[in-house]
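> Show me how the following folds:
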Amino acid sequence: MTVLGAGLLASAAILYFATGSWVVALVFVLAVGLLLGGVFALDRMPATPAENEALVPDWTVTVAAIERAGEAIAITDRANRLVCANSLFVESFGATAAPPALPVERDGIEALTRLAREAWRDGEAALDKLAMPDGEADWQVSATRAGRGEDHLVWRLRPVQRAAGTDIDALDLGGAFGQMLSRAGIETAITTADGVIRAVSAGFAERAAGDESAALAGQDFVSFLRTDERDRIFFAREGRGGTPQTLVDVPLVDPATRAAPAGPDEAKSLMLLIDSGVGIGSGFDGAAQAGAAQLDALLGQLPLGLAMTDRDGRFLFGNEAFLRAVGREGRGLPAFPTDLVVREDKAALSDAVRRHGRGPATSGDVAVRLANSPEEPVSLGLAGVRGLGEGAVLLSLTDSSEENQLKRQVAQATKMQAVGQLAGGVAHDFNNVLTAIIGTCDLMLLRHIPGDSDYDDIQQIRANSNRAASLTRQLLAFSRQQTLRPEVLQLPDVVSEVSPLIKRLLGEKIAYYVQHDRNLGPVRADPQQLEQVIMNLAVNARDAIQSRGNGTGRISLYTRHLHATEVVQLGSEVLPAADYTVLIVQDTGGGIPPHVLPKLFEPFFTTKEQGKGTGLGLSTAYGIVKQSGGFIFADNVTDREGRPTGARFTVYFPVHRGEMPKKREARPLVSSEWSAGGKVLLVEDEDMVRAVAERALARAGYEVTACSGGEEGLAAIAEPGASFDLVVSDVVMPGMDGPAMVRAIRARHPQMPVLFMSGYAEEQLRRDIDIPDMHFIAKPFSVASIGDKVGAVLRQARSERAEAEAAAR
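Sure, this is the predicted structure:
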């Protein structure tokens, strides 16, 4: 009796945890208690097997108690055996399935097994999602330890409603979605561009063919409809006794690409037949208003931008997607569609709305420019609808703001790249001219002394040529084709070097503030070019401050460390996730106008007065930063009310990992240190440059053989008895270029030293040419610099040759 009493109490406890109701548990105890009392009152005769079975708890009562709508409940013992379960559990998983061994994938069984262990250990556990195979509904699972001996688990499983997708083309019209619309008086069908049915709702099949399971796919959509003399639409099967229908054609557009399918066979439409709810002889206007309300509810759920106007063009309705597309999210619609477009497009849009709102139902589209983004025309779809009371024209518009932003970014990047290539080509050709001018001036100065009548004029020509060379270096910097000599350095060291000069440039009215972050990572950049970037940004900030009021203000320079995780949090599509050392230059100059920001880094773009700026300062900084592997951005600093107070330039340099490889550099020489002479093969297609270089090397004591092209140079070195100590060549030449000629020469003379002359960047040339043991001199060069460079190369080559011979001995 004690055992039976314990079992009774255990069953009552399990029933309480399963139902959450003490009343049900109490009724169960009283019922079973009366049964036990009756048995106890019988003669104490040996119990038969049937009588022993009667003493076992009656689980049918528990099953009845745990019967819940929308929740599957099962009870298992310590051995994971199913004790009892309600009908939803049996229908969903079968009468023989016991948690955690349910008919799910392997991952699901493992998750249920972990859930059971946690429930036995902690008393309860839960699983947010149990995935089911074959696209069935997922389940939310929980398990609770119960019973007097806590030797049972109560499993609760609730179906999870899957979120509705935004791909309307994938809607199951034959399922719950179509049934919901049918109950609201809206029958649906998906058709191709030719009007061939692809799918229909059960309600459409019932009204069109008399059987909700009828297979209508492949048939003509229009064949199931008819019109009367008033152009009202009816189901053909219902005859004149049917109710009029309002037909709305919604083109299915892919939300991911915001474009309709390319081919006519792929284009589809969602056909909506909205029932007026009355017969022909009844009042139609009130029913049409009900249909309009139904249509509003439907359009509000679609991912397409849709709005409705009356015959006079006044807005009646617009869903959230339409508000986003026109830039009025949270503000609502104006009175008329013409209020959304620029002044030049108002008349065309007004005529289009009025034309589609009157007469027979027609559809079309019109290109307009929205007032919130006038630079990007959009296509606004219009469709005349009838039978919706005031509703007359359906407007459709996709939210293309992200697409337009991406187009602008691509166009800007393409323009910057094209301008960079043009600037680099112009700078390269101009460097040849400057090389000839500067070299000729140097040769003339050798024949004149200070005090001569021509000396000062020659110096003036040379000075202006050097100034022009500085401009070409800026163009090459923008096009990322200048010669950089990168080093591993700390950004604060460069700031400290350039700060005294910045202070002198700013004057007394502008305060200069510097703040460095701790634990800054090293960066790899050319220190001189980095100083140029900081100087350009500081001068730009100074000019902005001096253009306002009394010219007083403050320029702040900060350095910061930015970890890769922080970069990810920024959400930038341009900045890759990595560690950066950041340079920030901020001023109080009033900020940058929004229309100027997109053009800020373009070469020759300036907002200064004529004659006060070249427009190359920021473009030079942009080119240097990009060539150094960094990123530069500009924005405005605002106050609490959102008004701009100054500009901010942020430069990101990737943190350098490891040390740069050490390069063996030749000891810098002057021409007087090298007097052994030598035979030089000079190859240059520009006559002016070739003449200057030949005269300069001849004056330095070298025997020069000048050639105007690669083929001529190769022929010169192949002549019998020809012997050269060095090849000096241009890189880009018509016909055979310099690298091709050098490879042919190296095939015969592997140890031949080579010195390339070019106005392009040394790093880029070394990467593109890939010729070992080559040397480089940048154009424009002076007479002294080319002589010194040739002497240094020859000295290094002969020193290496002597070392090799000594090692061989």
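
> so where's the stretch 701-809 of the chain uncertain?
Counting by pLDDT under 70, the stretch 701-809 of the chain shows low-confidence ranges at 760-764, 809.

> ok, 90 please
701, 717-723, 731-738, 747-751, 757-788, 795-809 (pLDDT under 90).

> Please enumerate the helices of it.
Secondary structure of the stretch 701-809 of the chain (DSSP state H, counting those that start in this stretch): helices at 710-718, 738-748, 762-769, 783-808.

> which one of those helices lies closest to A131?
helix 762-769 (50.7 Å; C-beta to C-beta). For the C-beta atoms, the positions are set from N, CA and C on the backbone; glycine is no exception.

> In this structure I186 contacts L270, no?
No: applying C-beta atoms under 8 Å as the test, I186 and L270 come out as separate, 10.7 Å apart.

> Can you pull the phi and psi angles for D310?
Here is the backbone geometry of D310 (degrees, to the nearest 10): phi -90, psi -170.

> hang on, it packs against A392?
Yes: look at D310 against A392 with C-beta under 8 Å: they come within range, at 5.4 Å.

> So which of I186 and L270 has more stuff around it?
Ranked by neighbour count (other C-beta atoms under 10 Å), I186 and L270 place I186 first, with 24 against 21.

> and the closest residue to that one other than its chain neighbours, how many neighbours?
Take I186 and drop its neighbours on the chain: the residue closest to it by C-beta to C-beta, 6 or more residues apart in numbering is I274, 5.3 Å away. Neighbourhood size, I274 [other C-beta under 10 Å]: 27.

> Secondary structure element holding I274?
strand 268-275 (DSSP states H and E).

> Span of stretch 327-341 from start to end?
End-to-end distance of stretch 327-341 (C-alpha to C-alpha, to the nearest Å): 11 Å.

> How about stretch 211-220?
End residues of stretch 211-220 are separated by 17 Å (C-alpha to C-alpha).

> Can you list the buried residues in it?
By 16 or more other C-beta atoms under 10 Å, the buried positions in stretch 211-220 come out as E212, L216, Q219.

> so what's the last one closest to, chain neighbours aside?
Think Q219. Using C-beta to C-beta, 6+ apart, the closest residue to Q219 is I197 (5.4 Å).

> any idea how far that neighbour lies from L225?
Separation of I197 from L225 (C-beta to C-beta, to the nearest Å) stands at 12 Å.

> These two - which one has more neighbours?
I197 (23 against 17).

> List the strands paired with the helix or strand encompassing that one, with their directions.
Per DSSP H and E, I197 falls inside strand 197-200. Strand 197-200 has its sheet partners listed here by DSSP bridges as strand 186-192 (antiparallel).

> Just the buried residues of the partner strand, please?
Across strand 186-192, burial judged by 16+ other C-beta under 10 Å covers I186, E187, T188, A189, I190, T191.

> Assign D452 to helix, strand or coil.
Here D452 is coil, with the state taken from DSSP: H, G, I helix; E, B strand; the rest coil.

> what's the next secondary structure element after the one helix or strand L618 maps to?
Using DSSP H and E, L618 sits within helix 617-627. Elements were assigned by DSSP H and E; along the chain past helix 617-627, the next helix or strand is strand 631-638.

> circling back to that earlier point, report the beta-bridge partners for the residue nearest to I186.
With DSSP bridges as the rule, I274 is bridged to I186, T246.

> Among D310 and A392, which residue is more densely surrounded?
Neighbours were counted for D310 and for A392 using other C-beta under 10 Å; A392 has more, 23 against 16.

> does D442 really touch P780, like I thought?
No: using C-beta under 8 Å, D442 is not in contact with P780, being 10.9 Å away.

> Show me what counts as buried in the helix or strand following the strand holding I197.
Where DSSP H and E defines the elements, the next helix or strand beyond strand 197-200 is helix 202-209. Neighbour-count burial for helix 202-209, counted by 16+ other C-beta under 10 Å, picks out A202, G203, F204, A205, E206, R207, A208, A209.

> Name the surrounding residues that touch helix 202-209.
173-174, 178-179, 181-182, 187-189, 200, 211-214, 216, 224, 235-238, 242, 273 (C-beta atoms under 8 Å, 6 or more residues apart in numbering).

> pLDDT on stretch 143-157, on average?
Mean pLDDT, stretch 143-157: 86.

> Report the buried residues of it.
A143, T144, R145, A146, G147, H152, L153, V154, W155, R156, L157.

> In which helix or strand does L306 reside?
Take DSSP H and E as the rule and L306 turns out to sit in strand 305-309.

> same check, this time on V574
Following DSSP H and E, there is no helix or strand that holds V574.

> Adjust the sequence numbering to begin at 5 for everything that follows.
Yep, numbering from 5; the last one is V578 now.

> now it: how far from I596?
As for V578, its distance to I596 is 19 Å (criterion: C-beta to C-beta).

> Show me the strands in the stretch 205-354 of the chain, by range?
Here the stretch 205-354 of the chain has its strands, by DSSP state E, counting those that start in this stretch, at 229-231, 237-239, 249-255, 272-279, 309-313, 319-322.
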